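1. Model the following, please.
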Amino acid sequence: MSLPSGEPPSFLAVGKIRRPHGVRGEVLLEVYTDFPERLSPGRVVYAGERRERLVIRQARSRHDGLLLAFEGFDTPEAVGRLRHQVLYIAAQDAAPLPAGSYYAYQFMGMTVVVEADGRELGQIGEILITGANDVYVVRGAQGEVLLPAIPQVIRQIDLQAKRMTVHLLPGLLEEEGE
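-> Residues are numbered from 1 along each chain as shown. Next up is the predicted model:
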């Protein structure tokens, strides 16, 4: 994932269409969003790089994702062309996040400084999604530093100043001379 300078995008990715499901034109969606319940009937979404406008006709949860049906798509053949496309919502349609929650784009390009001495590590250039927690890839003069997005490391986030203050746990930085 890489977004230039943390500018708000026009669209936010909410999942990836894996494959058609069943005989009624449903698709299996790999969910990216923390709020899949917002992908409900009547919701407008956009598919692929061309941002094809779709209206959700039906949505139901499944153990490995979400099953969606779209208006005007009633057969597996009709939805087959949507296979492997990313599904988006318009950014202006995104619901406000709870306090202390952020969209990934807000971190891109953010300057990361060390709590103990104020030294700058670099800027967040990528976010890795892992099973346990996200990992921020910070690129600076000393190369890449991987910071786990956990409270013990991330001490303060200032969106206005585009600045993140971190506490470096032992082993997060390669020591000089090693």
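2. Tell me how far residue 66 lies from residue 22.
-> Residue 66 is 14 Å from residue 22, where distance means Cβ to Cβ, to the nearest Å. (Glycine included, C-beta is placed from N, CA and C.)
3. next one: residue 88
-> From residue 88 to residue 22 the distance is 24 Å (Cβ to Cβ).
4. same question for stretch 48-62, mean pLDDT?
-> Stretch 48-62 carries an average pLDDT of 96.
5. so what pLDDT did residue 37 get?
-> Residue 37 is assigned 91 on the pLDDT scale.
6. more crowded one of residue 88 and residue 22?
-> For residue 88 and residue 22, the more surrounded residue by other Cβ atoms under 10 Å is residue 88, and the numbers stand at 22 against 11.
7. Skipping its backbone neighbours, what lies nearest the most centrally placed residue in the chain in space?
-> When Cα atoms, centre = their mean is applied to the chain, the residue found nearest the centroid is residue 104 (5.3 Å). Distance criterion Cβ to Cβ, 6 or more residues apart in numbering; nearest residue to residue 104, sequence neighbours excluded, is residue 127 at 5.3 Å.
8. isn't that neighbour right next to residue 134, touching?
-> Yes: look at residue 127 against residue 134 with Cβ atoms under 8 Å: they come within range, at 5.5 Å.
9. what about the two, which has more around it?
-> A count of neighbours by other Cβ under 10 Å puts residue 127 above the other of residue 127 and residue 134, at 18 against 15.
10. So in that sheet, which strands flank the helix or strand encompassing residue 145, and in what orientation?
-> Assigned by DSSP states H and E, residue 145 belongs to strand 143-148. Applying DSSP bridges, strand 143-148 is found paired with strand 135-140 (antiparallel).
11. List the buried residues for the partner strand?
-> Within strand 135-140, the residues scored as buried using 16 or more other Cβ atoms under 10 Å are 135-138.
12. Quick check: of the residues you listed, which lies closest to residue 49?
-> residue 137 (24.0 Å; Cβ to Cβ).
13. can you pull the contacts of that closest one?
-> Counting by Cβ atoms under 8 Å, 6 or more residues apart in numbering, residue 137 makes contact with 124-128, 144-146.
14. Which elements pack onto whatever helix or strand comes next after the strand holding residue 145?
-> Using DSSP H and E, the helix or strand that follows strand 143-148 in sequence is strand 154-158. Counting contacts by 3 or more Cβ pairs under 8 Å, 6 or more residues apart in numbering; DSSP states H and E, strand 154-158 packs against strand 163-166.
15. could you dump the strand it packs on to PDB, C-alpha only?
-> The C-alpha trace of strand 163-166 is given here as PDB (Å, rounded to 0.1, in the frame of the first residue of the first chain):
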ATOM      1  CA  ARG A 163       4.000  13.400  13.300                       C
ATOM      2  CA  MET A 164       4.100  10.100  15.200                       C
ATOM      3  CA  THR A 165       6.100   9.800  18.400                       C
ATOM      4  CA  VAL A 166       7.400   6.300  19.100                       C
END
